[in-house]
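*Asks:* The following block contains a protein sequence and its predicted model.
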Amino acid sequence: MRVALVGQDGAALIPALLAAGLVVVDRPAASDLIISYGGDGTLLGAERDFPGIPKLAIRDARLCRKCEIHQTERILADLAAHRIASVELPKLAALTQGSSLVGLNDIILRNAVITSGVRYRVWINDHPYSGEIVGDGLVVATPFGSSAYYRSITHSLIRTGIGLAFNNSTEPISHLVLRSSDRIRLRITRGPAVLAADNNPAHISLAPRDTVEICQSEQKAIILGIDGLRCSACLRQQAAAEADERFAFRGVNLPPLL
């Protein structure tokens, strides 16, 4: 199997990859599999730059504690033995003014000026939802991405469909969970606003009367070993390590403040 590495410290994995009998190539586009070494952001960037190529996300062991079954050496051994299952994850597409964005996590509408809210209207399958909405914007999330920005707004996750979270609206508006086949249309009534996808540094500027169409993309992300990204045992290991660090810090004799 030909694998390519992405991530700031991806080169640190090369000895382990070679020891597992895997072939490392320099060009991700020419690989059978891309290994994103880092965190969720590294995986999102890899999928954005090389869509359609299967990805295996491995968390950097120097940045987080991992449980026994998600240790890097064990994951690579399972990969070489073809013991890691893959899943297809849905993505979202947004189209506006002839430009488009695709996100594995979410599509985000946001006020461009932090001191001024954005005003917009929402249609779901061409049916208007609520009236004019005023706030910081809207988050449209996939099930995979609902553990990110969507969760911070709604304090919930979704398992299927498309999630809509209204960000800091002036009037209380409950979040929605739509079907995967549903289509969302937005129209800016007062801007300016920006449209973004995942952690993509590129964004689209929106002005009053601009419209945005959002739906599930035809693209799918093929991810191996996805359980390692949301493993409760790994999360407990990390939480315990962070607690130990905080305890150790409290025991340090700090110099007096001037």
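*Replies:* Yes, it's here. In this text the structure is predicted, and so the values were computed from the model without any measurement.
*Asks:* Pop the domain breakdown of this protein in here.
*Replies:* When the chain is parsed with automatic domain parsing, its domains come out as 2-85+225-250, 91-218.
*Asks:* Quick one: mean pLDDT for the longest one?
*Replies:* On average, the pLDDT along domain 91-218 is 96.
*Asks:* Repeat that for the first one.
*Replies:* Over the span of domain 2-85+225-250, the pLDDT mean works out to 81.
*Asks:* Make TSV out of the domains of the chain and add mean neighbour count.
*Replies:* Yep, even glycine has a C-beta here, placed from its N, CA and C like the rest. Below are the domains of the chain laid out as TSV (neighbours: other C-beta atoms under 10 Å):
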stretch	mean neighbour count
domain 2-85+225-250	16
domain 91-218	18
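*Asks:* With adjacent residues omitted, what lies nearest to the residue positioned nearest the centre of the chain?
*Replies:* For the chain, the residue nearest the mean C-alpha position is residue 105 (3.7 Å; C-alpha atoms, centre = their mean). Sequence neighbours aside, residue 145 is the residue nearest to residue 105 in space, at 3.0 Å (criterion: C-beta to C-beta, 6 or more residues apart in numbering).
*Asks:* any idea how far the one you found is from residue 30?
*Replies:* Per C-beta to C-beta, to the nearest Å, residue 145 is found 28 Å from residue 30.
*Asks:* hmm, back to that, right, and the residue nearest to the centre of the chain touches residue 45 too?
*Replies:* No: between residue 105 and residue 45 there is no contact under C-beta atoms under 8 Å: 11.3 Å.
*Asks:* Longest strand in the protein, please.
*Replies:* strand 211-224 (DSSP state E).
*Asks:* Pull up the gap between the closest residue in space to residue 148 that isn't next to it in sequence and residue 197, please.
*Replies:* Excluding its sequence neighbours, the residue lying closest to residue 148 (C-beta to C-beta, 6+ apart) is residue 105, at 5.4 Å. According to C-beta to C-beta, residue 105 and residue 197 sit 8 Å apart.
*Asks:* ok, now residue 124?
*Replies:* Per C-beta to C-beta, residue 124 is found 20 Å from residue 197.
*Asks:* Then residue 204?
*Replies:* 9 Å.
*Asks:* and for the two, which residues touch both?
*Replies:* Taking C-beta atoms under 8 Å, 6 or more residues apart in numbering as the contact rule, residue 204 and residue 197 both touch residue 101.
*Asks:* rewinding a little: against residue 1, how distant is the residue nearest to residue 105?
*Replies:* 28 Å.
*Asks:* residues in contact with the residue nearest to residue 105?
*Replies:* Residue 145 makes contact with 103-106, 198, according to C-beta under 8 Å, 6+ apart.
*Asks:* same thing but 7 Å
*Replies:* Contacts for residue 145 were tallied using C-beta atoms under 7 Å, 6 or more residues apart in numbering; they are 104-106.
*Asks:* what do you get for residue 176?
*Replies:* residue 164.
*Asks:* Same check on the one 4 residues further on?
*Replies:* Residues counted as contacts of residue 180 (C-beta under 7 Å, 6+ apart) are 90, 160-162, 216.
*Asks:* and it, what element?
*Replies:* Using DSSP states H and E, residue 180 is not contained in any helix or strand.
*Asks:* go on, the one 5 residues further on?
*Replies:* With elements taken from DSSP H and E, the one containing residue 185 is strand 184-190.
*Asks:* in terms of contact, does residue 57 touch residue 36 like I think?
*Replies:* Yes: here residue 57 lies in contact with residue 36, judged by C-beta atoms under 7 Å, at a distance of 4.9 Å.
*Asks:* what do these two both touch?
*Replies:* Between them, residue 57 and residue 36 share these contacting residues under C-beta under 7 Å, 6+ apart: residue 43.
*Asks:* Which stretches in the stretch 1-150 of the chain count as strands?
*Replies:* Remark: strands assigned in the stretch 1-150 of the chain by DSSP state E, counting those that start in this stretch are 2-6, 23-24, 33-38, 55-59, 86-96, 99-103, 106-111, 118-124, 127-135, 137-141.
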